[in-house]
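Asker: Give me a model of this one.
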Amino acid sequence: MDSRRAWAVLIVATLAYVVGVLQRSSMGVAGVAATERFSIDATALSSLGVLQLLVYALLQIPVGVLVDRFGPRVLIVTGAITMGAGQLLVAVADDLPIAVIGRILVGAGDAMTFISVLRLLGSWFSPRRLPQLSQWVGTLGQSGQLLSAIPFAAVLQLSGWTTAFASAASVSVIAALAVLVAVRDAPAGSLSSRSTSLGAALGSLRESMRHPGTRLGFWAHAATQSSGAMLSLLWGFPMLSIGLGYGPAAAAGLLAGMVVVAAVSGPIIGLLSARFPFRRSSLVLGIVGAMAVVWAVVLLWPGIPPFGVVALLLAVVAAGGPGSLIGFDFARTYNPPVRHGAASGFVNLGGFTVTVVMILVIGLLLDAQSPGAVPEQLYAWEHWRLALAAQAPIVGIVVALLLVARRSTRRRLHEEEGIAVGPLWEAIVRRHRARRARRADGGDDVEQWS
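Answerer: Got it, this is the predicted structure:
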């Protein structure tokens, strides 16, 4: 483990994930162009994103089972080829139904990628490295949004719809070839952690879903990822470019900035997750709370909010991306390696299911306020206020379910391992008192705590 070959496998697999994120997020910067190309309203446009993400979400559990059975290499290659075929179909589409089929294929291929890359990490690297490596992979993977926000958007503007999406399709073919050449499921001579049959893999899925720690990961992923994914995958570009009046170039730059923020915050969040494993849910709740505050400020601001406030919103929401990867730390912690694929697939289902709901509800609310309007009227800022406020009850329900799962997880941890995890404030008070006592005794002021 942790060999040079392991790092080579990681690099190629991460590049395949980068390409997957490019394909996933390409419609986000093409939303306005799609509105004009297919002469559709916001609800119809949201169907492109919703159906893609719905397929992605529905396939997470089957993909988790399949990767436990057949290994990640096969799934990554199959996913890349499927995404390429989908983007090629979108490139030649002249009406919405063909484009929808293409995006469904993109969602299906995308569903096979990230879970498979996480599965590779567990085979090639030691457990102590996994929380931070997962953050690095997740963060670097989001650079695919940079590829869609800058070069893809530039090709779309300069060369048109067909050239832009056909070019994206070709990148997926290159990624598939690279994985075929450079990636193997595990080091030579290592014991296989694959399930022996599909029946055994399905059994692993059942066992992982029964554990409250896996369900905690599901809700943690849903609470942190959904808001940022909603913006980056569909509604961020029209909100920024038309609703707030920044124009296409500035909107693309701001969405690209979210990736930079995620790249900076990801390693920090990964370090905290590894350092304080029994406080991961508190870290998740802190991120969600910060997002709630900045969303409230932006949506309640009289008139158009200042640029700095909007930039702060995007920065805080961007941290939800790496924050969502804590959900996979829960999946690994509370499941043996043979169940990691199924558990990770179930966790990944959480964020994308809630994202689907958000995207659809926001599209419906936009249309309800301005039915049949042209984009400039449809995407007016006053319409965004009500539509985006729909996040509050959705995330509120998710957080309530997260707290229920956390209580069950801590109870089971205490019953099975004798580890009692009390409220965070009690741990802070104990740590403060212990530090004061050590200072009074002249001792070292270093303490390990969880």
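Asker: okay, CA-based contacts and neighbour counts for the rest of this
Answerer: Fine.
Asker: pLDDT weak spots in the stretch 301-450 of the chain?
Answerer: Across the stretch 301-450 of the chain, the ranges flagged by pLDDT under 70 are 372-373, 422-432, 441-450.
Asker: same thing with the stretch 101-250 of the chain?
Answerer: 189-198, 200-201.
Asker: List the residues that contact the closest residue to Thr224 other than its chain neighbours.
Answerer: Of all residues not flanking Thr224 in the chain, Gly320 sits nearest, at 4.6 Å (CA to CA, 6 or more residues apart in numbering). Applying CA atoms under 8 Å, 6 or more residues apart in numbering to Gly320 gives the contacts Thr224, Gln225, Ser227, Gly228, Ile287, Val288.
Asker: Please determine how far the last one is located from Leu156.
Answerer: Taking CA to CA, to the nearest Å as the measure, Val288 falls 34 Å from Leu156.
Asker: So between those two, which is more surrounded?
Answerer: More neighbours surround Val288 than the other of Val288 and Leu156, with 24 against 19 (other CA atoms under 10 Å).
Asker: From what I see, that one and Ala223 are in contact.
Answerer: Yes: at 6.7 Å, Val288 counts as touching Ala223 under the criterion of CA atoms under 8 Å.
Asker: just to revisit the earlier point, Ala251 versus the residue nearest to Thr224, what's the distance?
Answerer: Separation of Gly320 from Ala251 (CA to CA): 19 Å.
Asker: Which residues are in contact with Ala6?
Answerer: Here Ala6 is in contact with Trp124, Phe125, Pro187 (CA under 8 Å, 6+ apart).
Asker: Who wins on neighbours among the residues you listed?
Answerer: Counting by other CA under 10 Å, top hit in the contacts of Ala6: Trp124 with 22 neighbours.
Asker: can I assume that residue is in contact with Ala186?
Answerer: Yes: with contact defined as CA under 8 Å, Trp124 reaches Ala186; the gap is 6.1 Å.
Asker: Count the neighbours of Gly106 for me.
Answerer: Careful, residue 106 is Val and not Gly. Quick note: Val106 (other CA under 10 Å) scores 31 neighbours.
Asker: Sticking with it, tell me its helix or strand.
Answerer: helix 96-111 (DSSP states H and E).
Asker: Pull the residues that contact that helix.
Answerer: 20-21, 23-24, 38, 47-49, 51-57, 59-60, 63, 78-90, 93.
Asker: mind redoing it with 6 Å?
Answerer: Contacts to helix 96-111, defined as CA atoms under 6 Å, 6 or more residues apart in numbering, come from residues 20, 38, 48, 52-53, 55-56, 79, 82-83, 86-87, 89-90, 93.
Asker: cool, and stretch 403-414?
Answerer: Pro212, Gly213, Leu216, Ile419, Ala420.
Asker: After the host helix or strand of Val19, which helix or strand is next? Please name it.
Answerer: Using DSSP H and E, Val19 sits in helix 4-29. Scanning forward in sequence from helix 4-29 by DSSP H and E, the next helix or strand is helix 31-38.
Asker: and the angle for that following helix with helix 96-111?
Answerer: On the basis of axes from the mean of the first three to the mean of the last three CA atoms, to 10 degrees, helix 31-38 is oriented at 140 degrees to helix 96-111.
Asker: now helix 31-38: mean pLDDT?
Answerer: What helix 31-38 shows for mean pLDDT is 85.
Asker: for the helix or strand just after that helix, packing partners?
Answerer: Once helix 31-38 ends, the next helix or strand along the chain (criterion: DSSP H and E) is helix 42-70. Contacts defined by 3 or more CA pairs under 6 Å, 6 or more residues apart in numbering; DSSP states H and E place helix 42-70 against helix 96-111, helix 340-369.
Asker: just checking, what packs against the very next helix or strand once past helix 42-70?
Answerer: Of the helices and strands lying after helix 42-70 in sequence (DSSP H and E), the nearest is helix 72-92. The contact analysis (3+ CA pairs under 6 Å, 6+ apart) places helix 72-92 against helix 96-111, helix 161-182.
Asker: mind checking which of those is nearest Leu120?
Answerer: helix 161-182 (12.0 Å; CA to CA).
Asker: Convert the C-alpha atoms of that closest one to CSV, please.
Answerer: Output of helix 161-182 as CSV, limited to C-alpha atoms (Å, rounded to 0.1, in the frame of the first residue of the first chain):
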residue,chain,number,x,y,z
TRP,A,161,-23.6,23.9,-29.2
THR,A,162,-22.6,20.9,-31.3
THR,A,163,-18.9,21.5,-31.3
ALA,A,164,-18.8,22.1,-27.5
PHE,A,165,-20.7,19.0,-26.5
ALA,A,166,-18.9,16.8,-29.1
SER,A,167,-15.6,18.0,-27.7
ALA,A,168,-16.7,17.1,-24.2
ALA,A,169,-17.6,13.6,-25.5
SER,A,170,-14.1,13.0,-26.9
VAL,A,171,-12.5,13.8,-23.6
SER,A,172,-14.5,10.9,-22.0
VAL,A,173,-13.1,8.5,-24.6
ILE,A,174,-9.6,9.6,-23.7
ALA,A,175,-10.3,9.1,-20.0
ALA,A,176,-11.6,5.5,-20.7
LEU,A,177,-8.4,4.6,-22.6
ALA,A,178,-6.2,6.0,-19.8
VAL,A,179,-8.0,4.0,-17.1
LEU,A,180,-7.7,0.8,-19.2
VAL,A,181,-4.0,1.2,-19.6
ALA,A,182,-3.0,2.5,-16.1
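Asker: What are the contacting residues of it?
Answerer: With CA under 6 Å, 6+ apart, helix 161-182 has contacts from Ala16, Val77, Ala80, Ile81, Gly84, Gln87, Leu88, Ala91, Val92, Val155, Leu156.
Asker: Could you point out which of the residues you listed is nearest to Arg129?
Answerer: Of those, the one sitting nearest to Arg129 (CA to CA) turns out to be Ala16, at 20.8 Å.
Asker: Spatially nearest residue to the closest one (excluding sequence neighbours)?
Answerer: Nearest residue to Ala16 in three dimensions, chain neighbours excluded: Ala175, at 5.4 Å (CA to CA, 6+ apart).
Asker: what's the answer for Arg119, then?
Answerer: With sequence-adjacent residues excluded and distances taken as CA to CA, 6+ apart, Arg119 is closest to Gly341, at 6.1 Å.
Asker: Tell me how many other residues surround that neighbour.
Answerer: Gly341, neighbours per other CA under 10 Å, totals 37.
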